[in-house]
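Engineer: Show me the folded form of this:
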Amino acid sequence: MNYYLEDSDIYLFTTEAMKTHEIDANPEICLQVEEIHDPVHWRSAIVNGRASRLTVQEDIDRAMHSIEERNPTLSPAIDRTWIDARGRSEAIAIYRIDASEMSGRTTDGVSSR
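Structural biologist: Numbering: from 1, shown residues only. Next up, the predicted model:
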């Protein structure tokens, strides 16, 4: 699963698998992101919120354009054990997180900011 930011929106990008079924069943999620330079220079952010799967093709296309623009080689891991109702093993799922709470921690130092 990958994430990306667009203005104040947070998006999750992945392929269909057990995790997407779990998010669809219970969309209350917690996302933790870490940036570690070394053991004494790091920072992390935690976002609690609700994930909504993008279902409108225009929204999906816009999100995919942003994803490809930021990282043209980005592709989610293919789960070869998952086959959807149409027989596809690479069905992409994109979620937007509606954040209800955000927090973070950092160490001191220039590379931690």
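Engineer: What ranges does this structure have for its strands?
Structural biologist: Along the chain, the stretches classed as strands by DSSP state E are 2-6, 9-15, 28-38, 41-53, 92-106.
Engineer: so residue 92 makes contact with residue 14?
Structural biologist: Yes: assessed by CB atoms under 8 Å, residue 92 is found in contact with residue 14 at 7.4 Å. Yep, even glycine has a C-beta here, placed from its N, CA and C like the rest.
Engineer: Now mean neighbour count, distance to residue 21 and mean pLDDT too, for the strands of the chain, in a markdown table please.
Structural biologist: Converted to a markdown table, these look like this (neighbours: other CB atoms under 10 Å; distance: least, CB to CB, whole Å; pLDDT from 0 to 100):
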| stretch | mean neighbour count | distance to residue 21 | mean pLDDT |
| --- | --- | --- | --- |
| strand 2-6 | 14 | 18 | 84 |
| strand 9-15 | 19 | 11 | 88 |
| strand 28-38 | 12 | 13 | 92 |
| strand 41-53 | 16 | 11 | 93 |
| strand 92-106 | 15 | 10 | 91 |
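Engineer: For residue 73, find the nearest of those.
Structural biologist: strand 2-6 (11.5 Å; CB to CB).
Engineer: What is the closest one packed up against?
Structural biologist: Applying 3 or more CB pairs under 8 Å, 6 or more residues apart in numbering; DSSP states H and E, we find strand 2-6 packed against strand 9-15, helix 57-70.
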